[in-house]
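Visitor: Please find the sequence and the predicted model below.
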Amino acid sequence: MSISYLWDITIPMLQGARTTILLFLLVILISIPLGFLVTLMVNSRVKPISWLANGFVYVMRGTPLLLQLVFFCFGLPMLPVIGEYLVLDRFVAAGLAFILNYAAYFSEIFRGGLLAVDKGQYEAAKVLGLSRWQALTRIILPQMFRVALPAVSNESITLVKDTALLYAVSVPELLYFAHTAVNRDFTIIPLIIAGAIYLLMTLGLTLLFKALERKFKFE
């Protein structure tokens with residue numbers, strides 16, 4: 001197994017890893033604030049909004065991500081009447097499925113974080129004369145994010161691995177190029193290299209979140 005061969009199969013996989021990283025960044029940057037918005041909707045005093053948010057979370061968490069990917073990539077264009085207007089680029093459709101799925105999971109993480117904040121904190125904020133918004137932004141949310149950070153870390157690492165599902169809807173990413181090389185050359189070396197690239201990405205994320213956890217722990 002020559003060095004030149006290893007280089008030749010690694011270059012396309014690194015190009016595919018760019019798609020993996022791009023999807024990861026898009027999902028993290030959009031699904032985390034969206035998930036927090038869903039959390040607020042779940043806790044809304046307006047019942048229809050709360051029911052809608054709870055229904056969204058139930059559907060997105062209760063069905064497989066792969067099924068959601070297939071639906072957004074292939075099912076949307078088949079919808080009666082509006083299907084022809086919902087033909088999306090394959091990467092965009094897959095990204096939308098990932099964002100909605102992870103927003104549902106992040107919303108539950110944030111909801112758990114809110115529940116972990118002692119009710120006395122709310123009462124203390126009221127005694128201090130803080131408005132509901134001031135109490136939320138200055139007292140409740142910092143504590144919530146500190147509690148939720150480890151779960152957000154685990155979910156983010158899971159997202160890196162879940163990006164391999166793009167292969168199932170024919171979006172060229174890391175696993176796609178690895179599998180192409182395996183079929184072409186009848187060797188498992190590309191899969192080993194792909195695994196090493198995934199491990200490097202998850203290692204980087206693990207170190208980043210460990211540093212964040214240490215920072216928030218001692219602040």
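Guide: Here it is on my side, so go on.
Visitor: separation between Val171 and Pro33?
Guide: Val171 sits 24 Å away from Pro33, taking C-beta to C-beta, to the nearest Å as the criterion. (Glycine included, C-beta is placed from N, CA and C.)
Visitor: actually Gln68, sorry about that
Guide: 20 Å.
Visitor: Next: Pro64.
Guide: 25 Å.
Visitor: And Asp89, by the same measure?
Guide: Distance from Asp89 to Pro33, by C-beta to C-beta: 23 Å.
Visitor: Quick test: name the residue nearest the centre of this structure.
Guide: Tyr102 (4.3 Å; C-alpha atoms, centre = their mean).
Visitor: Which per-residue confidence value corresponds to that residue?
Guide: Per-residue pLDDT puts Tyr102 at 97.
Visitor: Comparing Gln68 and Pro33, which residue is more hemmed in?
Guide: Gln68 (20 against 12; other C-beta atoms under 10 Å).
Visitor: Surely the more buried one touches Leu100?
Guide: Yes - Gln68 is within contact range of Leu100, at 7.3 Å (criterion: C-beta atoms under 8 Å).
Visitor: Overlap in contacts, the two.
Guide: Both Gln68 and Leu100 are contacted by Met60, under the criterion C-beta atoms under 8 Å, 6 or more residues apart in numbering.
Visitor: Give the burial count for Val70, as a bare number.
Guide: 17.
Visitor: give me phi/psi at Leu130?
Guide: With angles defined as degrees, to the nearest 10, Leu130 sits at phi -80, psi 140.
Visitor: which residues does it contact?
Guide: Going by C-beta under 8 Å, 6+ apart, the list of residues near Leu130 reads Arg138, Ile139.
Visitor: Repeat the analysis, applying 6 Å as the threshold.
Guide: Applying C-beta atoms under 6 Å, 6 or more residues apart in numbering, one finds that Leu130 lies in contact with no residue.
Visitor: With Gly95 instead?
Guide: Contacts of Gly95 (C-beta under 6 Å, 6+ apart): Leu23, Leu26.
Visitor: That's all I had, so thanks and see you.
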